[in-house]
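Student: I need the structure of the sequence given here:
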Amino acid sequence: MSGKYLPLAEAVFLHLVEKTGLQNQIEVDSAGTGDWCVGSAPHPGTQSVLEEAGIEYSGEARQITPQDLNDFDYIITMDDENLRYVRELEKRSINKDVRVAPLLEFSEVARQDRLREVPDPYLVGGFDIVYRLINSGCKSLLETIRIDHRI
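Tutor: Okay, here's the model as predicted:
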C-alpha cells in the first residue's frame, strides 16, 4: 500500500489477513511515496485509532521502490497524488500483472459517498473517519484477493 496514511492501512489490512488465517498466503507491506517519514513510528493519531480498534502495530515507515512493483501483485494507493507516482513507477516495472489501484475503489462506503481519496488526517484530523474508510476498503480488497487467487 502506498500513501501518506501509513501504517494505518497496513495495520488494518494485516489484522484482517491474520483474522482470516491467511498470513501464510498473503504478504502485507506498506510504503510511502516520499522519504520524509522513513524510519518513523506511526503518528500518535494512528496509534490511538489502532489501539481503540484493538489492532497492534510495530512497523515503521519506508519509501516505495520500483522493485516493489515487481515483488507484489497489488499496489494500493490512498490518494490521486500517490496513484500518479506509482503509475510512473509502473511504467518501468517488468511485472505487467501488478494491479495498481486506489483503496477506495474497493470501498462500498466510499462509493456511496462518492469519495475517491482517503482524507489526510495529519492535516485535518478525523483519524476515526479515515479508519472507517480504510477498514471498509481493506475488507473489500481482501475479498477481491481471495476471489482473484482462489484462497
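
Student: what about the strands in this structure?
Tutor: Using DSSP state E, the strands found in the chain span residues 74-77, 99-102.

Student: taking the ones you listed together, which one is wrapped up most tightly?
Tutor: Mean neighbours per residue, mean count of other Cβ atoms under 10 Å, is largest over those for strand 74-77, with a mean of 23. The C-beta positions use only the backbone N, C-alpha and C, and glycine is treated the same way.

Student: tell me which other helices or strands that strand touches.
Tutor: Using 3 or more Cβ pairs under 8 Å, 6 or more residues apart in numbering; DSSP states H and E as the contact test, the elements touching strand 74-77 are helix 80-91, strand 99-102, helix 127-149.

Student: apply 6 Å and report the result again.
Tutor: helix 80-91, strand 99-102 (3 or more Cβ pairs under 6 Å, 6 or more residues apart in numbering; DSSP states H and E).

Student: related to what we said a few turns ago, next, format the strands of the chain as JSON lines and append mean pLDDT.
Tutor: Putting those into JSON lines (pLDDT from 0 to 100) gives the following:
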{"stretch": "strand 74-77", "mean pLDDT": "95"}
{"stretch": "strand 99-102", "mean pLDDT": "94"}
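
Student: can you redo the ones you listed as JSON lines with distance to residue 84?
Tutor: Listed next are those as JSON lines, based on distance: least, Cβ to Cβ, whole Å:
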{"stretch": "strand 74-77", "distance to residue 84": "9"}
{"stretch": "strand 99-102", "distance to residue 84": "10"}
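
Student: nearest to residue 27, of those strands?
Tutor: strand 74-77 (10.3 Å; Cβ to Cβ).

Student: and the closest one, how far out from the chain's middle?
Tutor: Mean-position distance between strand 74-77 and its chain equals 7 Å (Cα atoms, centre = their mean, to the nearest Å).

Student: next: stretch 137-144.
Tutor: Centre-to-centre, stretch 137-144 and its host chain are 11 Å apart (Cα atoms, centre = their mean).
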